[in-house]
Every structure is written in structure tokens, then in C-alpha cells.
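Trainee: The following block contains a protein sequence and its predicted model.
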Amino acid sequence: DSFRVEPLSPMGNRSPFAKKNGSWSRSERKKRFNNFNRYVRGPLRESVLCSIGKEVDIPLSLCLICFLPLIFYSAVSVLGCDGDRCDVTAKQVGYATGSQYFVANSLSWVLGFGIIIPTTQPLLLRMVKVIVTLSKNVPVQVCCTVVSTFLAYLWVFSWQGLVTATMTTALFRETSPFFLLALAIQLILLTFQMWYLFFQPSQIQGVTLQEDCYTEF
């Protein structure tokens, strides 16, 4: 019977280079090493990238984890009413009732963590990639990266403030078609940005039998 090595995971207990009888020729060993390299650079690499992201793309879940301290702070901000009684804080910032303040503050943070704040890292990584591509000078790269970090956070939290102001005005202070339309346009643009950064169709190709390093020749 001919000897056959079954396709296995690289973490399996059996060696992909096991042999039954005799020694393999140099060309056979070269084929198997080449197939192993193809597996590492192909299916295995794509599997890792799906889990932790790549140089300009990070999974949404990982971006939210990066902002976990801010998520906890938002809960304190909403439930704590900025350290005072909710009705007092509401009147200080221009709301008619404490309930309005609570709902507006909650919606602001939900929209922020839903479609605005998680885009910080992908935007920053794209700017850093452009910097590294255009300049090979390390001091220039460092300076430009610092500026890019400032710009990324400025972009994201400016949108956060703009959406919060438009939403509270449209829903709680001056309900008018103009502010409702402005809010709708802002949400559409931010949703498109989220789709572009996180939900584009994957380019990962399926693993074929020929790509597996354990395929028999």
C-alpha cells in the first residue's frame, strides 16, 4: 500500500515530514518545505489576520477593547449625572428635565461607541502607513506620527461633539426638519465610514488542498 500523510493542523501531534520507509530525495524534501512555507504565508497568515488584524485593519471588537476605560467612564457619566443630582445637572446644561438629560447623554455615548470612537485606530494606522511609505527618515516619521495621532483623535471627537450637539438640538431642544436632516446626513456619513473601515467584503481566499503543507505529492 502507498503511504499517505493526511492533512493536519500545524499544531497536531504528527510531523508533516514523517516518512514510512527509506529516505526522501532532496526534491521531495524541497517540495514539502515549499508547501509548508505556502501554508504559513497563506491560510495560516490569513487566519491570524482574521483574529488580530493587519497593518491598517483591526477587528471592531479589538478597537472597542482599546476604549474599554472610556466605556466605563461613560457609564459613570450617565449614571452619576456628572457628580450632582440629575435634575440640577440637567438645568445647568439646558435640559428641561433630568430624564431628558439622562436619555440624551445615553444616546450620545451609544452613538459614539457604535459608529464614531472605534474608527480612531484604523484611521491612525492608515495615516501611519502613508507616512512610512512616503518617508524613510525616522525622525520625520516620528514627528509625523505624533501629528497624525493628534489629528486622528481630533477628527473622531470632533465628530462625537458635532453629532451630540445636533442630536440633542434635534430631539430635545428645537425639533425642526433642518436639524433632523443634518442628523440623518451625519449618521449616514459615519455609517459609511464604519462600513469602509470594518465591514468591507473579506479578501481572504479559501484554503485549498494544494495550499496545505501536509498534502501528499
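Mentor: Yes, it's here. Numbers count the residues shown, from 1 in each chain.
Trainee: low-confidence ranges in this protein?
Mentor: 1-24, 49-55, 201-217 (pLDDT under 70).
Trainee: can we see that at 50?
Mentor: 1-3, 5-8, 10-14, 203-217 (pLDDT under 50).
Trainee: What segments of it are helices?
Mentor: Assigned by DSSP state H, the chain shows helices spanning 26-39, 45-52, 60-66, 68-80, 86-92, 98-111, 120-134, 138-168, 177-198.
Trainee: just those helices: most buried one?
Mentor: Between the helices of the chain, helix 98-111 has the highest mean count of neighbours, a mean of 18, where neighbours are mean count of other C-beta atoms under 10 Å. (C-beta placed from N, C-alpha, C; glycine too.)
Trainee: Could you tell me the angle between that one and helix 138-168?
Mentor: Here helix 98-111 runs at an angle of 140 degrees relative to helix 138-168 (axes from the mean of the first three to the mean of the last three C-alpha atoms, to 10 degrees).
Trainee: Hmm, M127 is touching L151, no?
Mentor: Yes - M127 lies in contact with L151 (C-beta atoms under 8 Å); the separation is 7.2 Å.
Trainee: got the contact list for the residue lying closest to M167 once chain neighbours are set aside?
Mentor: Nearest non-adjacent residue to M167, counting by C-beta to C-beta, 6 or more residues apart in numbering: L183, 5.7 Å away. Contacts were defined as C-beta atoms under 8 Å, 6 or more residues apart in numbering; by that measure L183 touches V163, T166, M167, A170.
Trainee: Can you tell me which of those is nearest Q92?
Mentor: Of all these, Q92 sits closest to M167, with 18.9 Å by C-beta to C-beta.
Trainee: quick one: the closest one from S74, how far?
Mentor: With distances taken as C-beta to C-beta, to the nearest Å, M167 is found 15 Å from S74.
Trainee: try T119
Mentor: Taking C-beta to C-beta, one finds T119 at 17 Å from S74.
Trainee: domain ranges for the protein?
Mentor: As assigned by automatic domain parsing, the chain contains the domains 28-54, 60-198.
Trainee: got the end-to-end distance for the longest one?
Mentor: End-to-end span of domain 60-198 (C-alpha to C-alpha, to the nearest Å): 6 Å.
Trainee: Distance from the chain centre to it, please.
Mentor: 15 Å (C-alpha atoms, centre = their mean, to the nearest Å).
Trainee: Check the shortest one too.
Mentor: A distance of 23 Å separates the C-alpha centroid of domain 28-54 from that of its chain, computed with C-alpha atoms, centre = their mean.
Trainee: who touches R41 in this structure?
Mentor: Applying C-beta under 8 Å, 6+ apart, no residues contact R41.
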